[in-house]
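[1] What follows is a predicted structure for the sequence shown.
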Amino acid sequence: LQKGHKSVLLSTASIMFRILFVSAIVAQALAFAPVRRAPLAPKVLQATSVGTNNILEIDTRGSLMTLSRYMTETAQKNPDLQEMETLMASIQIACKRIASLVARAGIEDLTGMEAGGGSINVQGEEQKKLDVISNDVMKNSLRYSGRVGVIGSEEEDAPVLIEEAYNGKYAAVFDPLDGSSNIDAAISTGTIFGIFLEDGEECLVDDIESVDDAELQCLLKTLQPGRGLVAAGYCMYSSSTILVFTMGNGVNGFTLDPTIGEFVLTHPNIQIPERGSIYSINEANYHAWEPCLQEYVDNLKQGKGESGQAYSARYIGSMVGDIHRTLLYGGIFGYPGDSKNPNGKLRLLYEGAPMSFIIEQAGGKSTTGSQRVMDILPKEVHQRVPVFLGSPKDIEEVESAYKAAGIEKNY
């Protein structure tokens, strides 16, 4: 018995020693292991004030306000916007796809010219590879939404029918990749879009791939002035991907969170400052401008304008990037007409009008110098107009300069 008793004691002691030895090793490992802290709760934008859905009226407590959730809650409160919810879902998918393509352009050999050079769009501009790919991405996303009958694009010669009969509720216009000349230098680019309600006229087309003159004229009648827009926005592809849009009830900005693959509200109810201190114009064209515009810009630089403050120049050469900065910081963006291009170079339907809608909804103004951009009736898909967009006081000042010079032109 004594021998057995000693054996049991030795066995128990051996087990306890092993337990203590293992515990000591674990404790030592934990002591030197990096501490992993629980992630901080994301900053949630609190909403306080939903009619047509003002973002401030949506309760975001307890969760992130994503673009998908915002559109769902908007459609719940406004049943007429259920089709817009579907359409915006397709647009944000297209933006995510284009953002991915832009980010990997250098890696996947998507920089440079289409077809090695020589591919020209209807504006006479040489197309980049990503111009063509981005156009296909947007066109297909809109087609599969089932909510759009006709589209107008910078990369298409004429309005494109994407249903056998034009009976979709909406018509969409877009510039698939604004600023694509900057792609090879990895400078910010963007997608601009505008959504119109169809005007009630149905265009019956026998062959979508071959539209005759009568059918084309019917499609052209779907073109409307900017004041007919029901939604407009842009996606900016830069250090982050940001989607800014309006449905006629204010402007909100959503930033793509790559960890969850969703656009998250980061810029609620954007309001442009009443006046800024930045002008954004391509001064390489200075000597081709009207004398009144030359004097206006000279006064801004010297602090002799109405504000008495000297302005700074900021110009990216990508409309989306320049407008985004102007929207947040205030000031004026312009692409005026000049002796080389009397009507400027920006297209009314898918650049001037959608951006004007966004700026006006944020409290700003837009003008050609003598005419409100939103009032111009398009005569063709790719019509160009001079454009000044920005803070209301800055736009009123440039309008005064044109009026004092006796320049008044309707487009």
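    Arrived safely, thanks for sending.
[2] State the three-state secondary structure for the closest residue to residue 223 other than its chain neighbours.
    With Cβ to Cβ, 6 or more residues apart in numbering as the criterion, residue 223 has its nearest non-adjacent residue at 4.3 Å, and that residue is residue 378. The way it works is simple: take the backbone N, C-alpha and C, and place the C-beta from them, glycine included. The three-state label given to residue 378 by DSSP: H, G, I helix; E, B strand; the rest coil is coil.
[3] Quick check: residue 378 touching residue 350?
    No. Shown here, residue 378 and residue 350 do not form a contact pair, counting by Cβ atoms under 8 Å, at 9.9 Å.
[4] Same drill for the two, tell me which one is more crowded.
    A direct count of neighbours by other Cβ atoms under 10 Å for residue 378 and residue 350 places residue 350 higher, at 26 against 23.
[5] so what's the closest residue to that one other than its chain neighbours up against?
    Nearest non-adjacent residue to residue 350, counting by Cβ to Cβ, 6+ apart: residue 173, 4.2 Å away. Contact partners of residue 173, counting by Cβ atoms under 8 Å, 6 or more residues apart in numbering, are 151-153, 193-194, 196, 349-350, 353-354.
[6] With residue 133 as the reference, measure out to the residue nearest to residue 223.
    Distance from residue 378 to residue 133, counting by Cβ to Cβ, to the nearest Å: 26 Å.
[7] Strands along the stretch 151-300 of the chain, start to end?
    Under the criterion DSSP state E, counting those that start in this stretch, strands of the stretch 151-300 of the chain are mapped to 160-161, 170-178, 189-197, 229-237, 241-246, 251-257, 262-267, 278-280.
[8] residue boundaries of the strands in the stretch 301-411 of the chain?
    All strands of the stretch 301-411 of the chain, identified by DSSP E, counting those that start in this stretch, fall at 312-313, 332-335, 365-367, 387-390.
[9] could I get these as CSV with mean neighbour count and mean pLDDT?
    Putting these into CSV (neighbours: other Cβ atoms under 10 Å; pLDDT from 0 to 100) gives the following:
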stretch, mean neighbour count, mean pLDDT
strand 312-313, 13, 97
strand 332-335, 26, 98
strand 365-367, 22, 98
strand 387-390, 27, 98
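[10] Out of those, which gets nearest to residue 258?
    strand 332-335 (28.9 Å; Cβ to Cβ).
[11] That closest one - contacts with which helices or strands?
    If contacts are counted by 3 or more Cβ pairs under 8 Å, 6 or more residues apart in numbering; DSSP states H and E, strand 332-335 sits against strand 278-280, helix 319-329, strand 387-390, helix 392-404.
[12] Pick the most deeply packed of these.
    A comparison of the helices and strands packed on strand 332-335 by mean neighbour count, using mean count of other Cβ atoms under 10 Å, puts strand 387-390 on top with a mean of 27.
[13] Low-confidence regions, the protein specifically.
    Across the chain, residues meeting the criterion (pLDDT under 70) sit at 1-62, 112-126, 161-167, 199-222.
[14] Just list the residues touching the most centrally placed residue in it, thanks.
    The geometric centre of the chain, computed from its C-alpha atoms, lies nearest to residue 234 (Cα atoms, centre = their mean), at 1.6 Å. Shown in contact with residue 234 (Cβ under 8 Å, 6+ apart): 178, 190-193, 243-245, 320, 323-324, 354-355, 358.
[15] Likewise for residue 387?
    Taking Cβ under 8 Å, 6+ apart as the criterion, residue 387 is in contact with 333-336, 344, 346, 351-352, 355-356, 366-368, 373.
[16] and what of residue 186?
    residue 106.
[17] repeat for residue 352
    By Cβ under 8 Å, 6+ apart, residue 352 lies in contact with 226, 346, 366, 373, 376, 385, 387.
[18] Redo those as TSV? Include distance to residue 184.
    Below are these laid out as TSV (distance: Cβ to Cβ, whole Å):
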residue	distance to residue 184
226	32
346	22
366	31
373	31
376	34
385	29
387	26
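[19] Out of those, grab the one that's most surrounded.
    Ranked by neighbour count (other Cβ under 10 Å), the contacts of residue 352 have residue 373 at the top, with 28 neighbours.
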